[in-house]
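Chemist: sequence-free structure coming up:
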């Protein structure tokens, strides 16, 4: 390159490059790149000069060449497609007039922190160390699909896209990207779709305090995402669908104090997700449907008041859940399932209660399951179900049977004490005992000899028949309830 035509600003960059020195153009070493469009020649460097440096710039023996520039306006298009750049690149707080093109490039390190760009095209990019876009303001899409980053990736405090401007593609595309360290995006603001489909992150993923805004569409698409440890998104604000089917997160999926909003649509879809723990405690009530069908979790922690009006939970498996609350607070959530009666959801909740030793709550859930199932049966089966429910609570309320029995014995004893039945053989009959006479009528397999020695007459005879029928009915429902309980265990 003809260095005689370099401007003063370009000459400073050219001479500092082989020595790895930093060139600072910001007054006092501070200042935002937001006003970069108005910077004059003293802070302007042509993209072709930077390209020439990176491809065939001067070298000094014993020195490591580095491109370290802060606070310049880069004019023209910096095109490094399919280029292997040996020198680390640090363009800090710079203003790029045109999209930066790194398609298929091989870089050692790239730091664009706090810069302003119209867009970044970096599909299939390879970076040996970290990629840093901390605090960047990118008006257009950031395309990193299929990239391979050997270090960490930073989008913390960055702002991507423009509010009210709809893009035809994701504002941040990290689909099929491989990151050998962490993905840090705390405080990221994205106006459009953030796509992580098929991405593999060896470390953790952080979206704490991020704002992902794509109302009426998908804010985060992370199908088949694979994280090495956790995905933290505490205090996340997602306006649009959070879509994570098939994701693998062995640690925590932490959405503590998050707000998920997609009215009339799906707010969270994580079908088939496999993870260690899902936290949504202290979160605002979710607006939109939550779909956790087929998820496998060790720990599910979502307060009952956080769940939305519509859920889909068939196949959701969890070993433990929280916060611990009476079953009566959790059961309404299962009733909101848009798939209707889902037996598996009741079984999972009951099993979780049993694991923590709350057998009473587990029985309450099982009873609610039978009542919900009853609504799906034909009329004759529903009638039998109501009878089992009233008498013994489908076998989960055995004390109810004792209460019914004592009540019937008391009523029969008083009735027959006031109106003593006539003896069939007065000279041979044993002394009459009203309670045991009533028990003889009520209990089919018990024989105290009273009903064989005495016979009621008239209306009292019909009352005795009613006791016999009630006794057989009670015995049958108890047997059915006990059989159901034993077979379940």
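Modeler: Looks like it came in fine. Computed from a predicted structure; not experimentally measured.
Chemist: Mind checking the pLDDT average for stretch 176-194?
Modeler: Per-residue pLDDT values across stretch 176-194 average out to 98.
Chemist: Show the end-to-end separation of that stretch, please.
Modeler: For stretch 176-194, the first-to-last residue distance is 13 Å (Cα to Cα, to the nearest Å).
Chemist: Could I get the buried residue list for that stretch?
Modeler: Neighbour-count burial for stretch 176-194, counted by 16 or more other Cβ atoms under 10 Å, picks out 176-194. From N, CA and C alone the C-beta is placed, and that goes for glycine too.
Chemist: Restricted to strands, list these.
Modeler: 178, 179, 183, 184, 189, 190, 191, 194 (DSSP state E).
Chemist: Quick check: the farthest pair among these?
Modeler: Across these, the longest distance by Cβ to Cβ is 26.2 Å; it joins 178 and 191.
Chemist: what about the residue lying farthest from the centre of the chain, distance to residue 451?
Modeler: Distance to the chain centre peaks in the chain at residue 427, reaching 79.8 Å (criterion: Cα atoms, centre = their mean). Per Cβ to Cβ, to the nearest Å, residue 427 is found 19 Å from residue 451.
Chemist: what does residue 326 give?
Modeler: Distance from residue 326 to residue 451, by Cβ to Cβ: 45 Å.
Chemist: now swap in residue 188 and tell me
Modeler: Using Cβ to Cβ, residue 188 is found at 81 Å from residue 451.
Chemist: With residue 31 instead?
Modeler: 102 Å.
Chemist: OK, contacts around the residue lying closest to residue 445 once chain neighbours are set aside?
Modeler: Computed as Cβ to Cβ, 6 or more residues apart in numbering, the closest residue to residue 445 that is not its neighbour in sequence is residue 475, at 7.8 Å. By Cβ atoms under 8 Å, 6 or more residues apart in numbering, the contact list for residue 475 reads 443, 444, 445.
Chemist: which SSE is the nearest residue to the first one once chain neighbours are set aside in?
Modeler: Pointing back at residue 443 there. Nearest residue to residue 443 in three dimensions, chain neighbours excluded: residue 471, at 5.9 Å (Cβ to Cβ, 6+ apart). Residue 471 is located in helix 459-488, with elements delineated by DSSP states H and E.
Chemist: Could you do residue 256 as well?
Modeler: Going by DSSP H and E, residue 256 is not part of any helix or strand.
Chemist: Let me know the pLDDT of it.
Modeler: 95.
Chemist: Backbone dihedrals for the closest residue to it other than its chain neighbours, please?
Modeler: Leaving aside its chain neighbours, residue 256 sits nearest to residue 234 (4.6 Å; criterion: Cβ to Cβ, 6+ apart). Note on residue 234: backbone dihedrals following degrees, to the nearest 10 are phi -70, psi 140.
Chemist: Just the helices from the stretch 351-489 of the chain, written as ranges.
Modeler: For the stretch 351-489 of the chain, the helices defined by DSSP state H, counting those that start in this stretch occupy 359-374, 379-392, 398-418, 434-442, 450-453, 459-488.
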